[in-house]
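**Q** Fold the following.
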Amino acid sequence: MAEGQLDDSVREDNSALLDSVREDNSALLDSVREDNSALLDQYTDCARKFIDLVKDLDHIKGASKLQRMCRSELKYLQTLKKFSGAEVCGNHLKSSNLGHFAGCIHAAYNAPGVVQILSPFAMDGRSENLVVDVVANQGQTWVKVIARKAQALHLIWAGRGQFGERDLVKQAKDYLRCSSHHPINFQTPKVHFAFYNQVTVPMAECLEQLGISVSGERVAVDEGTANQISLACVSSSDEEDSEESSSESESNESVLQQERLSGLSGAHQDKQACFKHSGDLNCDTNTATKSWQIAKNVQLFNEMALLDSLVGSLPQFECLSESFTGTNSPSSLVIEKVNLDITTLITLVSSVTNGGCHFEFSEKVLAQQAAEERREPVLPKLKQFLHGKKMYVCQTALDDFRSILETLGGPEEKRRAEELLSDVTVVQDDPSDRTKDMPYSLKIRDRSKVIFGTGDKLRAVTVTANSSFVRAAQHQGVSFAVHLHPSRALTEEKEKSTLPSSKDQ
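**A** This is a model prediction of the structure:
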């Protein structure tokens, strides 16, 4: 055979071989794309149903934030449908936050006395707030949801994680330090870590030694993880001290969150910027559930096959429930002293709360308070809270209350006031230092600072209807121990020029 004919034959054979390889690779790629497309549909369906579940939590502060995050996740997943590449779908599905959201929803439904979801708390030495996934036990327990795999978390703890990943033990210390600056009824909140995809025994024991309570299935360190740690320790002397990069790691956490969208176009990255606030270690999709035991909408969860790959082990909250049994909440059990605000003194003696709510007041505010009182009286709950507690009032609150009473109060309201004050201990104004340091504003007035600050110094819970001051103080980083109730005014004198109500509203 001539040399030219031989070359042509070789080219034909190679061409046929290349065509065969292209066909095989094309078929394989089409198969992967089809699998990712089906998985993406499951993720999208799961996100929609999470949104529906969170709607039933709208009575809890922060639930709307979780719902917005679920909606943002849904938009992110819908954006992925525009990309047909198998690598795009596969890599970016791994950065979905659905595993973490699943844990937050489960904890919100199952932990006792949940009062807040995704609640931010300021912490000294940290520019960004520490966000607590679920605040339970009427504020006395902070629950952190961990939806990442146990072995991956153990590797990070052993210093074998990727650059920028902080191990849970360091995070636990942050939680303990932050909680000590945000007491509830003058007691430091307990910290609880809920693992939704198992936790290694050594890590769980280490957390418990720090004072963290732990729930979730405990497993041994597997052979592969142990080998990685051993090989890395032997082969790399340059990585002996992982502590050196901790401060730099903390500053890079937000950057790592943004990298989840690095494979998309710049325009799509802008649309998905809302994902930067995801938890430090809670973005692993290969996380947790064989069974889902949420009190409500159980059938809805059962219909989501994807949950088996999102959540693999379901933590229980019995250890939290033990301190939340009986008729009284934990917050009422630990309160011995209360500080009465002017608004509370007025509410306790007001005619509208003592049977005089069946009048048609011409003033809009009084009419509204009377209607609210007819629907849900304030006094029974307020007296139940005050029962058995030592009551204090500072001099400023007492003087202003007497002045208001003398100007607007009726005979019966004045009589009830004298009976009330006979059971109250009067103390001199003595606000705490942190209250004195608060800057003056329209909602942070000097009188309120004196009243709330004196209660703070006494370590007494301030009973008040002044919710605007409480919120304003929180924005300044000062959280007071308070018991809030609806506001009521003195109405006895107004009854003289008002007709009785013809119907209850």
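
**Q** Residue 143: what secondary structure?
**A** When classified by DSSP: H, G, I helix; E, B strand; the rest coil, residue 143 comes out as strand.

**Q** Please name the nearest non-neighbouring residue to it.
**A** Setting aside the residues directly before and after it, residue 143 is nearest to residue 134 in space (C-beta to C-beta, 6 or more residues apart in numbering), at 4.1 Å. In this view, the C-beta of every residue, glycine as well, is placed from N, C-alpha and C.

**Q** what pairs with that neighbour across the strands?
**A** residue 117, residue 143 (DSSP bridges).

**Q** start the count at 32, not 1, going forward
**A** Noted, 32 is the first residue going forward, which turns the last one into residue 165.

**Q** Least confident secondary structure element in the protein?
**A** helix 297-302 (a mean of 33; mean pLDDT, DSSP states H and E).

**Q** measure the residue nearest the centre of the chain to residue 402 for me?
**A** Nearest residue to the geometric centre of the chain (C-alpha atoms, centre = their mean): residue 149, 2.3 Å. Distance of residue 149 to residue 402, computed by C-beta to C-beta, to the nearest Å: 34 Å.

**Q** what do you get for residue 420?
**A** 30 Å.

**Q** How about residue 92?
**A** Separation of residue 92 from residue 402 (C-beta to C-beta): 25 Å.

**Q** contacts for stretch 430-439?
**A** 373, 376, 377, 380, 424, 444, 445, 448, 478, 520, 521, 524 (C-beta atoms under 8 Å, 6 or more residues apart in numbering).

**Q** I meant stretch 383-397, not that one.
**A** In contact with stretch 383-397 (C-beta under 8 Å, 6+ apart) are residues 378, 381, 398, 400-401, 404-405, 408-410, 443, 447, 519-520, 522-523, 525-526, 528-533, 535.

**Q** what residues go with each domain of the protein?
**A** 128-355, 366-528 (automatic domain parsing).

**Q** As JSON lines, these with distance to residue 74 would be great.
**A** Listed next are the domains of the chain as JSON lines, based on distance: least, C-beta to C-beta, whole Å:
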{"stretch": "domain 128-355", "distance to residue 74": "6"}
{"stretch": "domain 366-528", "distance to residue 74": "36"}
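
**Q** hmm, back to that, what about burial for the contacts of stretch 383-397, which qualify?
**A** Listed as buried from the contacts of stretch 383-397 are 378, 381, 398, 400-401, 404, 408-410, 447, 519-520, 522-523, 525-526, 529, 532; burial here means 16 or more other C-beta atoms under 10 Å.

**Q** If I look at residue 105, what pLDDT would I see?
**A** Looking at residue 105, its pLDDT is 90.

**Q** Also residue 81?
**A** pLDDT, read off for residue 81, is 89.

**Q** can you tell me which residues contact it?
**A** 101, 129, 132, 133, 136 are the contacts of residue 81 under C-beta under 8 Å, 6+ apart.

**Q** which SS state does the fourth one fall under?
**A** Okay, so that is residue 133. Three-state call for residue 133 (three-state DSSP): helix.

**Q** Near it, how many residues? Count them for me, please.
**A** Using other C-beta atoms under 10 Å, residue 133 has 27 neighbouring residues.

**Q** From residue 519, how far off is residue 441?
**A** On the measure of C-beta to C-beta, residue 441 and residue 519 end up 14 Å apart.

**Q** now do residue 99
**A** From residue 99 to residue 519 the distance is 35 Å (C-beta to C-beta).

**Q** Likewise for residue 455?
**A** 18 Å.

**Q** Residue 369 too?
**A** The value you get for residue 369 to residue 519, if C-beta to C-beta is used, is 18 Å.

**Q** Next: residue 419.
**A** For residue 419 relative to residue 519 (C-beta to C-beta), the value is 23 Å.

**Q** can you check residue 350 too?
**A** 40 Å.

**Q** hey, where'd the helices end up in the stretch 132-281 of the chain?
**A** For the stretch 132-281 of the chain, the helices defined by DSSP state H, counting those that start in this stretch occupy 181-188, 199-211, 232-241, 254-266, 277-289.

**Q** Determine which of the ones you listed approaches residue 473 most closely.
**A** Nearest of the helices of the stretch 132-281 of the chain to residue 473, taken as C-beta to C-beta: helix 199-211 at 29.0 Å.

**Q** now for the closest one, which elements pack on it?
**A** strand 161-167, strand 172-177, helix 181-188, strand 221-226, helix 232-241 (3 or more C-beta pairs under 8 Å, 6 or more residues apart in numbering; DSSP states H and E).

**Q** buried sites along it?
**A** Neighbour count says helix 199-211 has 199, 202, 203, 205, 206, 207, 209, 210 buried, by 16+ other C-beta under 10 Å.

**Q** again with stretch 452-472
**A** Buried-residue list, stretch 452-472, by 16+ other C-beta under 10 Å: 452, 455, 458, 460, 462, 463, 465, 466, 469.

**Q** export the residues you listed to CSV and tack on pLDDT, distance to residue 431 and secondary structure?
**A** Formatted as CSV, these follow (pLDDT from 0 to 100; distance: C-beta to C-beta, whole Å; DSSP: H, G, I helix; E, B strand; the rest coil):
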residue, pLDDT, distance to residue 431, secondary structure
452, 96, 13, helix
455, 97, 14, coil
458, 97, 15, strand
460, 96, 12, coil
462, 95, 15, coil
463, 94, 20, coil
465, 90, 23, helix
466, 93, 17, helix
469, 88, 19, coil
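
**Q** can you tell me which of those residues lies nearest to residue 229?
**A** Closest to residue 229, out of all of the buried residues of stretch 452-472 and judged by C-beta to C-beta, is residue 465, at 41.4 Å.

**Q** what's the average pLDDT for stretch 251-270?
**A** So the average pLDDT for stretch 251-270 ends up being 68.

**Q** typed the wrong thing, it's stretch 489-498
**A** 95.

**Q** okay, how far is it across it, tip to tip?
**A** The first and last residues of stretch 489-498 sit 20 Å apart, counting by C-alpha to C-alpha, to the nearest Å.

**Q** Give me the contact list for it.
**A** 216-217, 366, 368-372, 374-375, 378, 413, 416-417, 421, 423, 458, 461, 479, 482-483, 486-487, 501, 511-519.

**Q** centre of the chain versus it, how much separation?
**A** Remark: stretch 489-498 is offset 24 Å from the chain centroid, using C-alpha atoms, centre = their mean, to the nearest Å.

**Q** so how far is the helix or strand that contains residue 443 off the chain centroid?
**A** Residue 443 belongs to helix 442-452 when assigned by DSSP states H and E. Its chain's average C-alpha position is 43 Å from that of helix 442-452, according to C-alpha atoms, centre = their mean.
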